[in-house]
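> Sequence and predicted structure below; questions after.
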Amino acid sequence: MKKLLLGMAALLGVSIAHAAHAATQTAVFSGGCFWGVDAVYKHVKGVTEVVSGYAGGEANTAHYEIVSEGNTGHAESVRVSFDPARVTYAQLLQVFFSVAHDPTQLNRQGPDSGTQYRSAIFYTTPEQQQQAQNAIQTLTARHAYAAPIVTQVLPLKQFYAAEAHHQNYLALHLTQPYIVFNDLPKLEQLRKTFPALYQ
C-alpha cells in the first residue's frame, strides 16, 4: 500500500507529506486579545495548529507594540489549521460566535479596546466568505444577541505570526489574573457547549 501511495504521489509530482498537508484547511479569526481565542481553538478536536498573529495591515507594522497603537489596520488574530474530515468550518464558526468572543462588541472585547481587538473573520476561500456571511445572517434573524453583530467579513491578504512569547500564551500563564478572569472561562464554556468537540 505504501508503495502504491508513493507511486501515485510521484505520478502527480507531489510528496506524501504535501498530499497530507493539502487536506488541511486554514481559517483566520479575530475576536479580541489573541491569547484566549488561541486557547479556545487549541482545545477543538480536528484543529491541528493554532498560531497567534496579526491580519488586516502591512508587514512593516505587524509588531505587537505598533499594533497596540490601534491605527495599523491589523487585528489580533489566530490562524487555525484544521482537518475538515474531523471538524468543519461551520463548526469553527459556531465556536467563534458562541464561545471565543462576543461578536456584538465594536472595536473592543472585554477589558481591551481599540480597532486591533475588533471582531473579524478573514476568509481564505469564497466558500468561507459565504458561510461566514450566512452564519451572521442566521444569527441576526434568530435574534441570538440583544445587540447587532459587528463582525467584519474580509478577504485574508496576509497573516503575520506574532512574537514567540505570545504563542500558546494561556497554557504558559494559567495563573495570570487576565487569563484567569477573561480566558479560562471560555475553555469551560467550550467544554460545556460543545462537549463532542472539546479536547
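Nice, thanks for sending it over.

> contacts and neighbour counts: CA atoms only from here.
Will do.

> wait, isn't Val150 in contact with His101?
No. In terms of CA atoms under 8 Å, Val150 does not count as a neighbour of His101; the distance is 11.8 Å.

> Between those two, which is the more surrounded one?
Neighbour tally, Val150 and His101, criterion other CA atoms under 10 Å: the higher count belongs to His101, 22 against 16.

> Now do the longest helix seen in the chain, average pLDDT.
Counting residues, the longest helix found in the chain (DSSP state H) is helix 126-141. Helix 126-141 shows a mean pLDDT of 98.

> Also stretch 105-113?
Averaged over stretch 105-113, pLDDT sits at 96.

> And stretch 146-165, by the same measure?
pLDDT averaged over stretch 146-165 gives 98.

> State the distance spanning the first to the last residue of that stretch.
Using CA to CA, to the nearest Å, one end of stretch 146-165 lies 36 Å from the other.

> tell me how far it is from the chain's mean position?
Centroid separation between stretch 146-165 and its chain, computed with CA atoms, centre = their mean, to the nearest Å, is 8 Å.

> what sits against the spatially most central residue of the chain?
Geometric centre of the chain, nearest residue: Phe29, 3.5 Å, by CA atoms, centre = their mean. With contact set as CA atoms under 8 Å, 6 or more residues apart in numbering, Phe29 has these partners: Ser77, Val78, Arg79, Val80, Phe96, Ser119, Ala120, Ile121, Phe122.
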